[in-house]
Every structure is written in C-alpha cells, then in structure tokens.
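Peer 1: Sequence and predicted structure, then a few things I'm wondering about:
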Amino acid sequence: MIKSITQAFAASLVLGVAAGTASADAILVTTKGPGAGNPFWAAVEAGATAKAAELGVEIVILAPASESDVARQIAIIEDQMAKGLAGLVVAPTDPNALGPIIDQVKAEGIPVVFIDTLGINEGVTYIGTDNQVGAAIAAKYLCDNVEAGSDVAILQGIITQSTGKARADGSREGMAACGLNIVAEQTGEWDRAKGMTVMENIITGNPNIKGVFASNDNMALGAAEALKNANMLQDVVLVGFDANPDAAESILAGDMSATVAQNPYNMGALGVESVVKLGKGESLPAVIDTGTILVTSENAEEFK
Amino acid sequence: MTDSDSSDAGDRTTGKRLDVVALLDRYGIVIVIAVLGLLIYASQPDVFFTWRNITNILNQNSVHAILAIGMFMVILTAGIDLSVGSVLALSMMCLAVLSASMPWPVTLVIGPLVGSVAGFVNGVGITKLKMPHPFIMTLGMLFAARGLANIVSGGVPYSGLPDPVRFLGSARIPLGEWGGGMQSLPVVVVFVVALYIGFHIVFEHTVFGRRLYSIGGNPQAARVSGIDVDRHLIIVYTICGFMAGLAGLVMAGRTNSGFPNAGMGIELEAIAAVIIGGASFFGGRGTLIGVFGGVLVMGLINNGLNLNNVSVFYQQVLIGIIIVVAVSVDVFRRNVSTRK
C-alpha cells in the first residue's frame, strides 16, 4: 500500500511538472493580520472586496496570524506568485524585511502598492493615512481642551515602525507648540494591557497629568482603565487614534474624550483600484492620503 | 527505527500487530507527506508540482529545517531549547548592526558565533548550575536574548547587508530556461540538504551520535558506563545555539535586514517539526530523516493552504491536530512495545 501511494505520488509529480502553470490570476491583498481578528483589517478587506466586485476583478485575501510573523507574510506572497498574480496590495509587517520580495514582485512586472504602512522600495505608491497629520489633529484637540502649561503624556506605539514614529512626532510637535508640558513619553507597544501598565507607572510619577495622547485606541482604552482605577479619569483629556468601535463606545460613555479616525475601507478600495490602474499602464502619485478626521462625542455614533 | 533503536529491534518478530506499529513508526511520516502532497496537488494541479512552488516550499522552510537539527539533538537528550527564536534574532541583529562598520567576513561569522555562545551559556547553565530542567534555563535565555537583540539594535530594524552575507539566504543557482520560464535553485536548499546529510552521519555513524541516544534513553546508565554526560550536553546546546545563529544568517540574507521581532515563536514550530517527525519527547529515540519529514509536513500544510487561499487560522488548527496525532501514535507505539 505504501509502495502504491509512493508510486502515485511520483506519478503525480511527473504529471504536475509537465502540466506547467496556467490559472486565472488574481490580485493578492495581504494585511498584517486577518480581518477576523481586527476590525481595522476587516474594514480594509471590506473595501478591497467591494472595489473588486465593482471593477470585476478577482482578489485573494491572506494574512499572517500576527504582525510579528514576517516570514509567513513573505511566504504568502511567494506562494501566490507561484500561482500567478495580477497585482499585489500589501500592508508590510516589516518594511525592511519585505524589501527583497517586493523587489522581486516588481522585477516580475506585477503591479504593487503599499497600504497602511510605507515600505522601503522606491517607486511603489503608498496608500494610507498621513499619521503625522492625524496625530497633529489629536494634539490640536488636546491643546484646545487642556489648560496651557499642564502636564501631558504620550503613549507611543512601536516607534521603530514608521506609523509609530509619525504619531509620536506629530503629537509631540503639536503639543509642545501650544505650550503643554510633556512629562512622559513611553511605549505601550500598541497593546491594551501594556498601555494600562505604562499609564499606571506614568501617573505614579506624575499625579498632575491633565492630558494623554495614546498612539492607538487599544492603549487609550488601557490607559482609561488605569486612570479610572486611580480616580483621575474625570480630570484627564484622553485622546486615542484609530476610532475602533470600542473607542467609540468609550467616548460615548464619557471615558475617552476623542480619537482620530483613519479610513481603512478606503485603503482597501484604493489599493485594489490602484493596482488595476497600474496594470493598465497608468501611473500613480507617490502618496495617496486616505484621510483622517477627529471623532468626539458628536460623531462617535457613526464609528460604533 | 534504524540500528540506534536497538531496544525495539525485536518488535518485528513478535507478531502481526507489532509489524503494523513498526511500519507506522518507520513510514508514518512518508504517508503523511504523500497524502498532503496528493491533496494539494488535487486542489492546485497547475501550481503545486511546478519547480517554482517546490523550491518555494524548501526555501521558506530552510530556517525551520536548520533550527530543527539543533532542536532534534537537544530533544534526543531528553532536553528542550526554548531560546532558539530569540537567539536567532540576537544573532541576526548583531550581524546586521555590525555589517555597517565591519568587513563582511566578520559579519558572516558573527551570527553563528553569537548563537554558539548563547548555546554554550545554556549548556553550562543546565549542567553546572544544576537547573531542574532545560526548560528553565532556555526560558531564561528566551527572554534575555530577545532583550539583548533589542538593546544591540536599539529596537530598530537594520537593512541593506553586503552581498557575501546575503549569499546563503538569497543567492540562487541558475538552471536555465524550461517549464515556462527561467528556473533556479536557492543556494540555501543545497546547504540544508548538505547539513542534513552531514548530521545524519553524525547521528547514525559516530560514537558521539550513539552516545546522544544513550544519554537521552537513560542518563544514569550513560553516566555509569563512563560517558561524560555534562560535557556532551554542553556540546549539544552549543550546537543548537550555533544552528540558531546560522538560521539568523539565512533569515537576514533572505530579508536583507535584521529586525528585532524575527523568529518570534519559531522555537515552537521547530519543536513541532521534531515531534511530528517522530522523535520522542522522552529522549533517546528519533531520526534526523524523520525530523526533515516533520519540517516538510509543516511546510506543505502552509503552502497548500496558502495556494488555496485559506486563512492562517486554519493552518494553526491543522498543525495543532497533527502534533497531537503524531504524539498519540508515539504513545500508542510505546504501550504496545511494553505490553509484549
């Protein structure tokens, strides 16, 4: 039995090599994590799916299990290239490490764009949020709602990533310019639990904090818990970033004060539309800003 | 399995039932690979057996394959090394940081060197500090090496390595034009095959290899028979660290960068490959060829599901099931052997 299976295996190997490649090429959309695990990526997927249906192109959506699984994202791209790709829309888990494979994609003439996070490859259009502008919007809200000269803190994301750095820079510049006193800048690594721990540590050393900018909503929600436990939440203006549904609920409940909405749906839709354009030989601008808006109790209902 | 497994040599003569068990033990992994291959082939006949896809699978799993050699060696001695992912990252960051200021030959050796040092520290900790289990020492190293990787680099990814450093992870041997395009063979695939042949000889045909089996099978007996167990364990963990460093060099070459998050959780994938490949977690039993099969099984699952556009969550579920099934086969086999 084993022998016959081995023979069948060998026979199919020969047949398979002889058959060669021929299949309908699709556009691969690969984000940093599955939509099922994160509403942000789910919105990217929804935008990409809707645009693909509108344009009548086929797309494949695949992502590594977590953002740190860089090798898996590379493998997904390689495997799909072996199958044949009409285009690639990629949110790079690590822009540097994805460099060589994106170069290979370009070398094979496959249209490619970055969404959400800027890559290192030259000549590849970036479609996403101008995070520095978004963080500046958040900083302006804090400037308008916190008395000048007050102590404020920044919860940074992972600042080795362009997104984390841009949000840290944008908020720092904005708050420093209007005379707020930045007493702490620490990383919560985008994580809710870590955001809470870091906030606890910050308020232990700086009990007069009046404003906090958290570089994403997860950390802002963690910080809200820490401030609530310390009985400080009512005196602190807490602003997040991303406008995820939990944050919208928190704003409506009066815990968080504001957040900044990106437009992940647009990233997915414009990503697909752009590679289709590239495939037709059209050219794209280097950056396509998908926009940011401030979300407060006035408009939070739309983001629930 | 082979002459190293002398205690089971009698199985084959003690009845029909044991024959099946011995057969499963010996060829189980081949059957699993064949079934997986056929399933993927049936679903993607135009793609799966193309040269490009096959080399993709081997290339993508080269890092796992290298780590699995070290991990098998450690598990053979009834140990475990949880630190290989972090040591991989530390080696990778050291070489990436140094590549900016040092000549390339230094950069080339620094990764495996750093890995060996970390492995040596593991080995000394386990034997001389009398840790209750290698789990503890290597768990400590998992955290320490990951932290050091971030300290060395300041948490920042480094990109742009010299070509000789990238050679192992990214170079390809051109094979000319056939099967619908220019074909090539990744250098790392040749390298991995050579490593497996070399270490197969070490495990099966050297005194050192045979001693590892006896240390894992019964450390007391090994000690009594005059084997310096501690010295062997230190060598084993140093080799495991060296392999992690080598894997770091390959991953750095493949991605043309060093990133501090590299190899997160990969130690568990390496352990899974060794276990799926039929090595006993109790030590003393398993073959390197089986381990290579275990690496291929994991690689085939990922490839097959990627080609069929299936979410990564299903890949995790499938690998989980296969680990449990592989170990239950092992347990079943042991029970049958002891009942005779």
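Peer 2: It's in. No experiment lies behind these values; they were computed from the predicted model shown.

Peer 1: Could you report the separation of A:Glu45 from A:Leu55?
Peer 2: Plainly put, A:Glu45 is 16 Å away from A:Leu55 if you go by CB to CB, to the nearest Å. The way it works is simple: take the backbone N, C-alpha and C, and place the C-beta from them, glycine included.

Peer 1: who's more crowded, the two?
Peer 2: In terms of neighbours (other CB atoms under 10 Å in any protein chain shown), A:Glu45 is the more surrounded of A:Glu45 and A:Leu55; the figures are 21 against 14.

Peer 1: these two touch, right, that one and A:Gly268?
Peer 2: Yes - if you go by CB atoms under 8 Å, A:Glu45 and A:Gly268 touch, sitting 6.1 Å apart.

Peer 1: what is in contact with these two at once?
Peer 2: The overlap between the contact sets of A:Glu45 and A:Gly268 (CB atoms under 8 Å, 6 or more residues apart in numbering or on different chains) consists of A:Val29.

Peer 1: Please report how far B:Val236 lies from chain A.
Peer 2: From B:Val236 over to chain A the distance is 26 Å, taken as CB to the nearest CB, to the nearest Å.

Peer 1: what residue is smack in the middle of the chain?
Peer 2: All of this is about chain A. When CA atoms, centre = their mean is applied to chain A, the residue found nearest the centroid is A:Asp116 (5.0 Å).

Peer 1: wrong one, chain B
Peer 2: Closest to where the C-alpha atoms of chain B average out (CA atoms, centre = their mean) is B:Ala68, at 0.9 Å.

Peer 1: show me what contacts that residue?
Peer 2: So B:Ala68 contacts B:Ala270, B:Ala273, B:Val274, B:Gly277, B:Val291, B:Phe292, B:Gly294, B:Val295 (CB under 8 Å, 6+ apart).

Peer 1: A:Leu227: what secondary structure?
Peer 2: helix (DSSP: H, G, I helix; E, B strand; the rest coil).

Peer 1: How many residues are close by the nearest residue to it once chain neighbours are set aside?
Peer 2: The shortest distance from A:Leu227 to any non-neighbouring residue, by CB to CB, 6 or more residues apart in numbering or on different chains, is to A:Leu233 (4.1 Å). Around A:Leu233 there are 18 other residues, counting by other CB under 10 Å.

Peer 1: And A:Leu233, its phi and psi?
Peer 2: Backbone torsions of A:Leu233, given as degrees, to the nearest 10, read phi -60, psi -40.

Peer 1: Over to A:Gly123?
Peer 2: When read as degrees, to the nearest 10, the backbone of A:Gly123 gives phi 80, psi 10.

Peer 1: Quickly find the element holding the residue nearest to it when sequence neighbours are not counted.
Peer 2: Using CB to CB, 6+ apart and skipping residues adjacent in sequence, the residue nearest A:Gly123 is A:Lys106, 7.6 Å away. Using DSSP states H and E, the element containing A:Lys106 is helix A:99-107.

Peer 1: Let's see the pLDDT reported for the residue nearest to A:Gly123.
Peer 2: Model confidence at A:Lys106, expressed as pLDDT, equals 96.

Peer 1: go on, B:Leu300?
Peer 2: We note a pLDDT of 94 for B:Leu300 in this prediction.

Peer 1: packing partners for the helix or strand hosting it?
Peer 2: Using DSSP H and E, B:Leu300 sits in helix B:288-307. When contacts are defined as 3 or more CB pairs under 8 Å, 6 or more residues apart in numbering or on different chains; DSSP states H and E, helix B:288-307 packs onto helix A:70-83, helix B:16-43, helix B:51-60, helix B:62-76, helix B:187-205, helix B:266-276, helix B:312-339.

Peer 1: Mean neighbour count, these: which tops it?
Peer 2: By mean neighbour count, with neighbours taken as mean count of other CB atoms under 10 Å in any protein chain shown, helix B:62-76 ranks first of the helices and strands packed on helix B:288-307 at a mean of 28.
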